[in-house]
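**Q** could you work out the structure for the sequence below:
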Amino acid sequence: MSHPVYTFKTTESVGTIVDILHKVTHNGFAVVSDGDIRSPLSDTPDTFGRMRGLILRSQLITLLQLKVFNESPDIDVIRAGLSIRSFRDTYPRYPSIKDVAITDQERRYTMDLAPYMNPSPYVVYMNTPFPRLFKLFRALGLRHLVVVDNRNQVVGILTRKDLAKFRVEMHKGKIKVEELAISNELAVNPITRACP
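**A** All right, here's what the predicted structure looks like:
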């Protein structure tokens, strides 16, 4: 599970969005209520705001490229021209955040993410059993699964990569979960090493 979680408010500053997209390579971000962002002095330091939706990196980059900023003089025209096609035109090679030019003035602008986020992504509670998580990812083909507490506060995000670290075996109605040892080093087969 990814923790701490990088979240965006429903109305977020362009500078914050750009900085986070440069900092991390995550493809999905939880969107939380504007007033619910966690303070370091909070009495619930392991939560990151009340869950409102999920937005993808590709959507954010598209919105930045099209300059869908609340302070734009022609924002109504820009929003009226946006359609699902605007987000799918660059599929499957979405642009990088490095390809987006944002001025210092634009960094101070804000973006309303609510119209573009998925307001009802799949979420699970912190105490959800592993086999159920595994079944959700397999059956629904999910990429992201937001983990919330009993107050709908974001506590983490699960990805397929998080689950790939485990092997699940089912035998006679019993489920066995085993954590695999993952190494960042590439294993070299002695036979392939000898080949030129």
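**Q** only C-alpha atoms from now on, for both contacts and neighbour counts.
**A** Noted.
**Q** secondary structure class of Phe137, three-state.
**A** helix (DSSP: H, G, I helix; E, B strand; the rest coil).
**Q** residues contacting it?
**A** Neighbouring residues of Phe137 by C-alpha atoms under 8 Å, 6 or more residues apart in numbering: 143, 160.
**Q** any idea how far it is from Ile20?
**A** 26 Å (C-alpha to C-alpha, to the nearest Å).
**Q** for the nearest residue to Asn27 once chain neighbours are set aside, the count of nearby residues, please.
**A** Of all residues beyond its chain neighbours, the one nearest Asn27 is Arg57 (4.9 Å), with distances taken as C-alpha to C-alpha, 6 or more residues apart in numbering. For Arg57, the count of nearby residues is 19 (other C-alpha atoms under 10 Å).
**Q** repeat that for Glu106.
**A** By other C-alpha under 10 Å, neighbour count at Glu106 equals 17.
**Q** the one 4 residues further on now?
**A** Taking other C-alpha under 10 Å as the neighbour definition, Thr110 ends up with a count of 20.
**Q** and the closest residue to it other than its chain neighbours, what is it in contact with?
**A** Spatial nearest neighbour of Thr110, excluding adjacent residues (C-alpha to C-alpha, 6+ apart): Ser13 at 4.1 Å. By C-alpha under 8 Å, 6+ apart, Ser13 lies in contact with 107-111.
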